[in-house]
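Peer 1: here are the coordinates; sequence isn't available:
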């Protein structure tokens, strides 16, 4: 098999995603043997995975600010509503939804407790999570 981009060179590896043949210079271009097109697809997917949480947190912040979610302190209420997202993501890493066979009432209480814990944990975790998303966007963009 020859290199997809350099037909005069023998392929030493295949693209991890699409299977195109890659010569030595193409295979060592990235940390894993991957073609430029598939690398672009992966970068766009990673970028999308970082932008969506930022937009969702911004939307939750705006909703919390405009609805006076936790009383007259609008900024604190907006931050607490936004922190539910970061806390939910953090909790789901350790406790995914597995209670499918329980009653509707048990599932309701499970979600209610999970939202409360998400708000509490998210208060501390959300700035770190959003900072990490911004750092990844910066790294991918430049």
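Peer 2: That came in fine, so what should we check first? Please read these numbers as outputs of a predicted model, since none were measured by experiment.

Peer 1: and the strands in this protein?
Peer 2: Secondary structure of the chain (DSSP state E): strands located at 13-14, 21-22.

Peer 1: how about those strands in TSV, adding distance to residue 69 and mean pLDDT?
Peer 2: Using the backbone N, CA and C atoms, a C-beta is placed for each residue, glycine as well. Shown next, in TSV, are those (distance: least, Cβ to Cβ, whole Å; pLDDT from 0 to 100):
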stretch	distance to residue 69	mean pLDDT
strand 13-14	52	94
strand 21-22	53	94
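
Peer 1: and the ones you listed: which comes nearest residue 101?
Peer 2: strand 13-14 (43.6 Å; Cβ to Cβ).

Peer 1: from residue 1, how far off is residue 73?
Peer 2: Noted for residue 73: a distance of 65 Å to residue 1, by Cβ to Cβ, to the nearest Å.

Peer 1: then residue 50?
Peer 2: Applying Cβ to Cβ to residue 50 and residue 1 gives a distance of 36 Å.

Peer 1: so for these two, which residue has more residues nearby?
Peer 2: Each of residue 50 and residue 1 has its neighbours counted (other Cβ atoms under 10 Å); residue 50 has more, 18 against 11.

Peer 1: where exactly do the helices run in this protein?
Peer 2: 24-27, 36-67, 74-94, 104-141 (DSSP state H).

Peer 1: need the ones you listed in JSON lines with mean pLDDT and distance to residue 14, can you?
Peer 2: Formatted as JSON lines, the helices of the chain follow (pLDDT from 0 to 100; distance: least, Cβ to Cβ, whole Å):
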{"stretch": "helix 24-27", "mean pLDDT": "92", "distance to residue 14": "9"}
{"stretch": "helix 36-67", "mean pLDDT": "93", "distance to residue 14": "11"}
{"stretch": "helix 74-94", "mean pLDDT": "92", "distance to residue 14": "33"}
{"stretch": "helix 104-141", "mean pLDDT": "92", "distance to residue 14": "25"}
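
Peer 1: do you know which of the ones you listed lies nearest residue 15?
Peer 2: Nearest of the helices of the chain (Cβ to Cβ): helix 36-67, 5.6 Å.

Peer 1: for the closest one, which helices and strands make contact with it?
Peer 2: helix 74-94, helix 104-141 (3 or more Cβ pairs under 8 Å, 6 or more residues apart in numbering; DSSP states H and E).
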